[in-house]
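Peer 1: Predicted structure and sequence below. I'll ask about it afterward.
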Amino acid sequence: GAGVSQSPSNKVTEKGKDVELRCDPISGHTALYWYRQSLGQGLEFLIYFQGNSAPDKSGLPSDRFSAERTGGSVSTLTIQRTQQEDSAVYLCASSLVSGGAIYEQFFGPGTRLTVL
Amino acid sequence: GESVGLHLPTLSVQEGDNSIINCAYSNSASDYFIWYKQESGKGPQFIIDIRSNMDKRQGQRVTVLLNKTVKHLSLQIAATQPGDSAVYFCAESYNTDKLIFGTGTRLQVFP
């Protein structure tokens, strides 16, 4: 079956421009996550959507970052006025939350963002 | 945001030996734990999970051990192979809340 997909796979942009990164989760997965990973580092949590609950935005590094999840499925991460330090791989993951239990996250291939 | 550190600890093992990767988790109330493997240029891949009502779970060549008393999680890989070389992350969750990832460990397998 289809896994988590992300687009674009690579994005090169100029400093100060806005970018949108897209994530298509696995169908039926109610939880969706965005992470950022800089070269050689761990996973930095950004935002978490679970069902109809208000998203957990506690990981967003600044107000230039925002994310939406439309119809409980596709999500878009937007970075406004990009800075060079925003360069990283942005990973999306989805998981099933059912019966009061959470299950493993499935990750997409990531979007490599380069800000020149 | 939550940062998981700049320098990944590295474990070097010889091919065929057993590997043990350790992780200290932060929340004593966490009830779900996962180990992920991340190869270069790829997203993390699920290896094995365990819930807090268990202290051991086995998969194919992998075993996860959970010690709730000291908030410690370990991943044991039997007969380590070159294809096991990757960065390994543990993650914890409480009550269906988001997974929190620990600092990864780089496993290097040499012949």
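Peer 2: Cool, got the structure. Numbering: from 1, shown residues only, chains lettered A, B, ... in the order given.
Peer 1: From residue B:16, how far out is the residue lying closest to residue B:17 once chain neighbours are set aside?
Peer 2: Take residue B:17 and drop its neighbours on the chain: the residue closest to it by Cβ to Cβ, 6 or more residues apart in numbering or on different chains is residue B:80, 5.7 Å away. (C-beta placed from N, C-alpha, C; glycine too.) Remark: distance between residue B:80 and residue B:16 (Cβ to Cβ, to the nearest Å) = 7 Å.
Peer 1: Could you see whether chain A lies near the lowest-mean-pLDDT helix or strand in chain B?
Peer 2: Using mean pLDDT, DSSP states H and E, strand B:100-101 stands out as the lowest-scoring helix or strand of chain B, at a mean of 86. Yes: part of strand B:100-101 sits near chain A under the criterion Cβ under 8 Å from any Cβ of the partner chain, namely B:100, B:101.
Peer 1: Pretty sure the residue nearest to residue B:17 sits against residue B:13.
Peer 2: Yes: counting by Cβ atoms under 8 Å, residue B:80 does reach residue B:13; the two are 5.2 Å apart.
Peer 1: Which parts of the chain are strands?
Peer 2: All of this refers to chain A. Secondary structure of chain A by DSSP state E: the strands cover A:5-7, A:10-13, A:19-24, A:31-37, A:44-50, A:65-69, A:75-79, A:88-95, A:97-98, A:101-102, A:106-107, A:111-115.
Peer 1: that's the other chain; I wanted chain B
Peer 2: Here chain B has its strands, by DSSP E, at B:10-14, B:19-24, B:32-38, B:45-51, B:56-58, B:62-67, B:72-77, B:86-93, B:100-101, B:105-110.
Peer 1: partner strands of the second one, parallel or antiparallel?
Peer 2: Right, the one you point to is strand B:19-24. Paired with strand B:19-24 in the same sheet, following DSSP bridges, are strand B:72-77 (antiparallel).
Peer 1: Please name the nearest non-neighbouring residue to residue B:47.
Peer 2: Of all residues not flanking residue B:47 in the chain, residue B:35 sits nearest, at 4.5 Å (Cβ to Cβ, 6+ apart).
Peer 1: partner residues bridging the one you found?
Peer 2: Taking DSSP bridges as the rule, residue B:35 bridges to residue B:48, residue B:90.
Peer 1: could you redo the strands of chain A as JSON lines and give each row mean pLDDT and distance to residue B:67?
Peer 2: Formatted as JSON lines, these follow (pLDDT from 0 to 100; distance: least, Cβ to Cβ, whole Å):
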{"stretch": "strand A:5-7", "mean pLDDT": "96", "distance to residue B:67": "36"}
{"stretch": "strand A:10-13", "mean pLDDT": "97", "distance to residue B:67": "42"}
{"stretch": "strand A:19-24", "mean pLDDT": "97", "distance to residue B:67": "35"}
{"stretch": "strand A:31-37", "mean pLDDT": "93", "distance to residue B:67": "27"}
{"stretch": "strand A:44-50", "mean pLDDT": "91", "distance to residue B:67": "25"}
{"stretch": "strand A:65-69", "mean pLDDT": "96", "distance to residue B:67": "36"}
{"stretch": "strand A:75-79", "mean pLDDT": "97", "distance to residue B:67": "36"}
{"stretch": "strand A:88-95", "mean pLDDT": "94", "distance to residue B:67": "25"}
{"stretch": "strand A:97-98", "mean pLDDT": "76", "distance to residue B:67": "26"}
{"stretch": "strand A:101-102", "mean pLDDT": "73", "distance to residue B:67": "21"}
{"stretch": "strand A:106-107", "mean pLDDT": "92", "distance to residue B:67": "27"}
{"stretch": "strand A:111-115", "mean pLDDT": "97", "distance to residue B:67": "37"}
